[in-house]
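Enquirer: Have a look at this prediction, sequence included:
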Amino acid sequence: MDAITLLRNDHKTVERLFKRFEKAGDRALVEKREIVDRIVEELSIHATIEEQYFYPVARATVPGTEDIALESLEEHHIVKWVLSELDGMDPAEERFDAKMTVLIENVRHHVEEEEQEFFPKVRAELDRSALAELGEAMATAKEMAPSHPHPRSPDTPPGNLAAAAGAGMVDRIGDTVSGVAQGSVSAVQDLIALILGRRKRSASPTGSKVARSTAHDVRGGASKITDDAVAAAVRAKRTAATAAAGAKKTASAAVDGTKDTARTASKGAKRTATTAKRSAKRTATTAKRSSAKRSTTTAKRSSATRTARSGAAKKASSATRSTAKKAAAAAS
Ligand SMILES: [Fe+2]
Ligand SMILES: [Fe+2]
């Protein structure tokens, strides 16, 4: 799809959402929030790809687009601030609808200028294959563009290419830093070079001084930002690898520590069990011996007592019998 058709399609999508919002009733708060969420996403992505590709490529290759591109950037800037306020705002707040009304007016005005003035200049200047390649680059960029507005971020190359790669990753949770940065930066760089190399001969073959200077700045800046982004990606990968290795080491140390503790505990338990067994055995032996001794002594004592008692009784009985005999003799 060529670049202008892609951008026009985005404009139509947003216009349909605007109409849905305007038709939603005052009490349709949930529906309004859902529509505004979609508008925030669509416009954030659309503004990003225009700022990353369409505007810089136009400025570098299409004479007479410098002023309109700069004005467009300022209009985007205002729209992004309003979007950032609407992003997450409660639709029940009294200024929600008013903010949406101002946003819609601004975007409609901006879209009209792009479609009536900007796009025709670009279409007149760039050939079909240049527009197709520009469209393809923007379609790819849409996949990773930030889905929320970032009004404080840079909006011109090369700053916006790096900022959008970072913000896009945060907004969408991606992990292809080098891919995003390299892809977008190389693409815009190559596009400008390609378009400048085969632009229509009817127009100024080398572009205005401003266009040439912009193209040079974009190419130079883009190269540097590519290097920076790749270096950042390599650093990030290295940090991740170091962190992973550290975590592995800690886990391994923890496992070793646990093993040692278990080993020590096991040895301790064995020792305690052995000591307890020995102690129990000793106690049992002592108890046996002591009990046997006591039993023997008691038995001996008891037997002696019984013997003594029996002797005394015999003696007493004999004495009694002798006394009785004596008494009987005396009586007779
Ligand atoms: Fe725009
Ligand atoms: Fe646009």
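Expert: In hand now; what should we look at? Ligands and ions are numbered 1, 2, ... in the order given.

Enquirer: use CA for all of it now, contacts and neighbours both
Expert: Fine.

Enquirer: just the strands in the protein please.
Expert: For the chain, applying DSSP state E gives no strands.

Enquirer: helices and strands of it: which one has the lowest mean pLDDT?
Expert: Lowest by mean pLDDT, DSSP states H and E among the helices and strands of the chain is helix 209-331, with a mean of 62.

Enquirer: so what's E75 up against?
Expert: Contacts for E75 (CA atoms under 8 Å, 6 or more residues apart in numbering) come out as N106, H110.

Enquirer: Use 50 as the first number from now on
Expert: Yep, numbering from 50; the last one is E124 now.

Enquirer: mind checking how far it is from I244?
Expert: 27 Å (CA to CA, to the nearest Å).

Enquirer: if I look at the residue nearest to I153 when sequence neighbours are not counted, how far off is N209?
Expert: The shortest distance from I153 to any non-neighbouring residue, by CA to CA, 6 or more residues apart in numbering, is to F67 (6.8 Å). For F67, the distance to N209 equals 27 Å [CA to CA].

Enquirer: These two: who's more crowded?
Expert: F67 (22 against 18; other CA atoms under 10 Å).

Enquirer: can I assume that one is in contact with V151?
Expert: No. The pair F67 / V151 is not scored as a contact, 11.6 Å apart, by CA atoms under 8 Å.

Enquirer: Excluding covalently adjacent residues, which one is nearest to R57?
Expert: E164 (7.7 Å).

Enquirer: next one: A188
Expert: In space, A188 is closest to L55, 7.8 Å off (CA to CA, 6+ apart).

Enquirer: thinking the one you found is in contact with L183, fair?
Expert: No. Between L55 and L183 there is no contact under CA under 8 Å: 9.8 Å.

Enquirer: So between those two, which is more surrounded?
Expert: Remark: of L55 and L183, L183 carries more neighbours, 24 against 17, as counted by other CA under 10 Å.

Enquirer: What sits closest to that one if chain neighbours are left out?
Expert: A52 (5.5 Å).

Enquirer: can you pull the pLDDT of the one you found?
Expert: Looking at A52, its pLDDT stands at 97.

Enquirer: mind listing what the closest residue in space to V156 that isn't next to it in sequence touches?
Expert: Distance criterion CA to CA, 6+ apart; nearest residue to V156, sequence neighbours excluded, is V128 at 7.2 Å. By CA under 8 Å, 6+ apart, the contact set of V128 is L152, N155, V156.

Enquirer: just curious, which of those is nearest to R201?
Expert: Comparing the contacts of V128 against R201 with CA to CA picks out L152 as the nearest, at 17.9 Å.

Enquirer: count of neighbours near that closest one?
Expert: Quick note: L152 (other CA under 10 Å) scores 20 neighbours.

Enquirer: Can you check what pLDDT the model gives it?
Expert: Reported pLDDT for L152: 98.

Enquirer: Kindly report the same for the one 4 residues further on.
Expert: pLDDT recorded at V156 is 98.

Enquirer: Also A147?
Expert: pLDDT at A147 comes out at 97.

Enquirer: how near is it to E154?
Expert: Counting by CA to CA, the gap from A147 to E154 is 11 Å.

Enquirer: got it, and N209?
Expert: 26 Å.

Enquirer: model confidence over stretch 131-140, on average?
Expert: 95.

Enquirer: Endpoints of that stretch, how far apart?
Expert: Stretch 131-140 end-to-end distance (CA to CA) = 14 Å.

Enquirer: Buried residues, it. List them.
Expert: V131, L132, S133, L135, D136, P140 (16 or more other CA atoms under 10 Å).

Enquirer: So the second one versus P169, what's the distance?
Expert: The one in question is L132. With CA to CA as the criterion, L132 and P169 are 28 Å apart.

Enquirer: if we can go back for a sec, for the residue nearest to L183, list the residues it contacts.
Expert: F103, L180, A181, E182, L183, G184, E185, M187.

Enquirer: out of these, which are inside helices?
Expert: L180, A181, E182, L183, G184, E185, M187 (DSSP state H).

Enquirer: who wins for neighbours among those?
Expert: M187 (27 neighbours).

Enquirer: Pretty sure that residue sits against Y104.
Expert: No. The pair M187 and Y104 does not pass the contact test of CA under 8 Å, sitting 11.4 Å apart.
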